[in-house]
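A.B. asks: give me a 3D structure for the following:
(chains A and B)
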Amino acid sequence: MEKFMLIFQGGMSSENSSPEFMQAQMGKWMAWIEKLSKAGKYVSGEPLLPGGKLIKGKSKTVTDGPYTEGKEVVGGFFIVNAENYDEAVKLCDDYPGYEYGGTIQVRQVMKMDM
Amino acid sequence: MAGSSTVNQIVDHLFRHESGRMVSVLSRLLGFQNLEAAQDIVQDTLLQAMNTWGYNGIPENPSAWLYRVAKNKAIDLLRRQKKFKEISPQYSYLLQSEYTLSSTVNNFFLDDEIQDSQLRMMFACSHPSIPEESQIALTLKTLCGLSIHEIAKAFLTNDETIGKRIYRAKEKIISEKIELSVPQGKELPQRLDVVLKCLYLLFNEGYNSSHPDKLIREDLCEEAIRLTYLLTLHPDTNVSRANALLSLMCFQASRLQARVDDKGNIVLLKYQDRSKWYKPLIERGTVYLEFASELGEASSYHIEAAIASLHAVAPTFEQTDWRSIYHLYESLYEMQPAPIVALNKAIASAYAVSKENALEQLLKIKGLEDYYLYHTSIGEIYFEMKDKKKAKKFYETALRLTSSHQEQELLMKKISSCDAV
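C.D. replies: Below you'll find the model as predicted:
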């Protein structure tokens, strides 16, 4: 079994959405995570607050950011178990963000064989 | 993630109802003129909940979680803007000092204070200087947590219309310097009447509208009941007519399931499956009507609730106490000589007195020429008097006047039964 990281970009922020809509949206996330957990696929996940810091160069200059477009903001990530990319992609079927412009980056975690 | 949390553990409409509570509390804290700032904080809070709960599961006490986040956001805002003197003069000195800031904000989120804030918000939204339709829209937006789009959908209109109504209300809040307070003394009864009227109209919007979406209709009724119930919890507003209105709503709402068939068609009282009437609501309606009678008073809500209670206890349509209902409509008509009351009175007369008397009353009514139910009712009487030709004529007029598919279907059925020999 391999580990994959699912990185969510956009698809969650909804400035004008109603409380009812947000609750429903949240319910979909929870149902998705529950499904992945029950299947033993879900390892962990964290949401990320907007904003952040960038540190760059030899002088380790710290700036605010990344200030990216709303749709590019990384809103959180999951670590999931999957046999291969095909399965990892399949696990993303129930991601509730697609219809609101969200995208998922799927990356395989490198195994360090000692 | 907390493994035990499941989606089903979260209460229906939690976000919506908490949104109403938090907007009320925060508007009281920041001043009603800053309603938008309060709404922004609530929006941010719910967004944060949506993002974190989705990943980490629902906290043990979701409401407390939301209040804590909203509180912190409010404190941040107050710290950033030191000029809150003009905003909330009553509390400004407490909010300016770091010593008292947090505890003052905390106090606003105590149970009693949340209720009190909602009550103040109800009076503010139903301020007499705000036009009626704007009152209802503002109530739904602030106290019930509906978005402009959802309100527009419920009222079968567009976002722009509702946006304008809310804008007009907000203009009045500023120009009339409307404050979040429960009126006292002589002013209270009059102001309370406006609040009750607003809730009555809100309920009717859900109950009488021919909105194709059953859930939306039920939501509006439920919200109206929730807010009217809130009035009965506070000694200042737990008056006889508030109980009577709540009783009326409970009785009417008990029939919501029986009122629409599987295909979404409206089922007239006469043809409703009475076993589908929701008993617990009928019981509640009876209790509130008893409270209302004990507290002594006779408002139109009392009479309407009494009429609804007679329908609720009748085992069949035929066994309904039509005579009492007719007399109640007579009293109601004396109080409110409106054509719609006259219509109901005339319909009751058909069963309590005679069809001839009902017809005579119906034909005298002025002002309902454009109302399909008026023509349907006359058609009904003619139909039962076996004058199918005249019945058909009135059904056809009714058919032209209603835009509801359900009503149209019902009328078409009636028209074809007039043609059948």
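
A.B. asks: return the distance of the host helix or strand of B:S324 from the chain's centre.
C.D. replies: Under the criterion of DSSP states H and E, B:S324 resides in helix B:322-335. Centroid separation for helix B:322-335 versus its chain: 24 Å, with C-alpha atoms, centre = their mean, to the nearest Å.

A.B. asks: likewise stretch B:162-177?
C.D. replies: With C-alpha atoms, centre = their mean as the basis, stretch B:162-177 stands 20 Å off its chain's centre.

A.B. asks: A:M26 contacts B:N56, doesn't it?
C.D. replies: No: at 11.2 Å, A:M26 does not count as touching B:N56 under the criterion of C-beta atoms under 8 Å. For the C-beta atoms, the positions are set from N, CA and C on the backbone; glycine is no exception.

A.B. asks: any weak-confidence spans in the chain?
C.D. replies: Using chain A. Applying pLDDT under 70 to chain A picks out residues A:12-16, A:67-71, A:114.

A.B. asks: sorry, should have said chain B
C.D. replies: Across chain B, the stretches falling below the confidence threshold (pLDDT under 70) are B:1-9, B:82-90, B:92-93, B:96, B:210, B:421.

A.B. asks: can you list the residues of it near chain A?
C.D. replies: Residues of chain B lying near chain A by C-beta under 8 Å from any C-beta of the partner chain: B:1, B:3, B:5-7, B:10, B:13-16, B:18-19, B:43, B:46-47, B:49-58, B:145-147, B:149-150.

A.B. asks: most distant residue from the middle of chain A?
C.D. replies: Among the C-alpha atoms of chain A, the one most distant from their mean position (C-alpha atoms, centre = their mean) is that of A:S59, at 31.1 Å.

A.B. asks: any idea how far that one lies from A:P66?
C.D. replies: When C-beta to C-beta, to the nearest Å is the yardstick, A:S59 and A:P66 sit 19 Å from each other.

A.B. asks: ok, B:L156 next?
C.D. replies: B:L156 sits at a distance of 44 Å from A:P66 (criterion: C-beta to C-beta).

A.B. asks: please apply the same query to B:I266.
C.D. replies: 56 Å.

A.B. asks: picking up where we left off before, more crowded one of A:M26 and B:N56?
C.D. replies: Applying other C-beta atoms under 10 Å in any protein chain shown to A:M26 and B:N56 shows that A:M26 carries more neighbours, namely 25 against 16.

A.B. asks: which strand or helix spans the more buried one?
C.D. replies: Under DSSP H and E, the secondary-structure element containing A:M26 is helix A:19-38.

A.B. asks: does the following helix or strand past that helix reach chain B?
C.D. replies: Read in the C-terminal direction, the helix or strand following helix A:19-38 is strand A:42-47, with elements assigned using DSSP H and E. Yes: judged by C-beta under 8 Å from any C-beta, strand A:42-47 comes into contact with chain B at A:42, A:45-47.

A.B. asks: which among these end up buried?
C.D. replies: Under a neighbour-count criterion of 16 or more other C-beta atoms under 10 Å in any protein chain shown, the subset of those counted as buried comprises A:42, A:45, A:47.

A.B. asks: what's near enough to touch the second one?
C.D. replies: Pointing back at A:G45 there. A:33, A:76-79, B:1, B:55 (C-beta atoms under 8 Å, 6 or more residues apart in numbering or on different chains).

A.B. asks: B:S377: which of the residues you listed is nearest?
C.D. replies: Within the contacts of A:G45, distances to B:S377 taken as C-beta to C-beta reach their minimum at A:I33, with 55.4 Å.

A.B. asks: that closest one against B:I58, yeah?
C.D. replies: No: taking C-beta under 8 Å as the definition, A:I33 is not a contact partner of B:I58, at 11.6 Å.

A.B. asks: in chain A, mark out all the helices, start to finish.
C.D. replies: Across chain A, reading from the start of the chain, the helices by DSSP state H fall at A:19-38, A:85-91.

A.B. asks: which of those sits closest to chain B?
C.D. replies: The stretch from the helices of chain A with the least distance to chain B (C-beta to the nearest C-beta) is helix A:19-38; that distance is 3.2 Å.

A.B. asks: ok and that closest one relative to strand A:42-47, angle-wise?
C.D. replies: With axes from the mean of the first three to the mean of the last three C-alpha atoms, to 10 degrees as the criterion, the two stretches helix A:19-38 and strand A:42-47 enclose an angle of 150 degrees.

A.B. asks: helices or strands up against helix A:19-38?
C.D. replies: Applying 3 or more C-beta pairs under 8 Å, 6 or more residues apart in numbering or on different chains; DSSP states H and E, one finds that helix A:19-38 makes contact with strand A:42-47, strand A:74-82, helix B:14-30, helix B:35-56.

A.B. asks: tabulate these (CSV), appending distance to B:L215.
C.D. replies: As requested, the helices and strands packed on helix A:19-38 are exported to CSV (distance: least, C-beta to C-beta, whole Å):
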stretch, distance to B:L215
strand A:42-47, 30
strand A:74-82, 29
helix B:14-30, 13
helix B:35-56, 21
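
A.B. asks: select, out of those, the one closest to B:S117.
C.D. replies: Counting by C-beta to C-beta, and looking across all of the helices and strands packed on helix A:19-38, nearest comes helix B:14-30 at 4.0 Å.

A.B. asks: what's the offset of the closest one from the middle of its chain?
C.D. replies: Its chain's average C-alpha position is 18 Å from that of helix B:14-30, according to C-alpha atoms, centre = their mean.

A.B. asks: can you show me the CA trace of that helix as CSV?
C.D. replies: Extracted as CSV, the C-alpha positions of helix B:14-30 are listed here (Å, rounded to 0.1, in the frame of the first residue of the first chain):
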residue,chain,number,x,y,z
LEU,B,14,-27.9,24.4,12.9
PHE,B,15,-25.9,26.9,10.9
ARG,B,16,-29.0,28.8,9.9
HIS,B,17,-30.3,29.1,13.4
GLU,B,18,-27.0,29.9,15.0
SER,B,19,-26.5,32.5,12.3
GLY,B,20,-29.7,34.2,13.4
ARG,B,21,-28.6,34.1,17.1
MET,B,22,-25.1,35.3,16.4
VAL,B,23,-26.1,38.2,14.1
SER,B,24,-28.6,39.3,16.8
VAL,B,25,-26.0,39.2,19.6
LEU,B,26,-23.2,40.8,17.5
SER,B,27,-25.5,43.6,16.2
ARG,B,28,-26.4,44.4,19.8
LEU,B,29,-22.8,44.5,20.7
LEU,B,30,-21.6,46.6,17.8
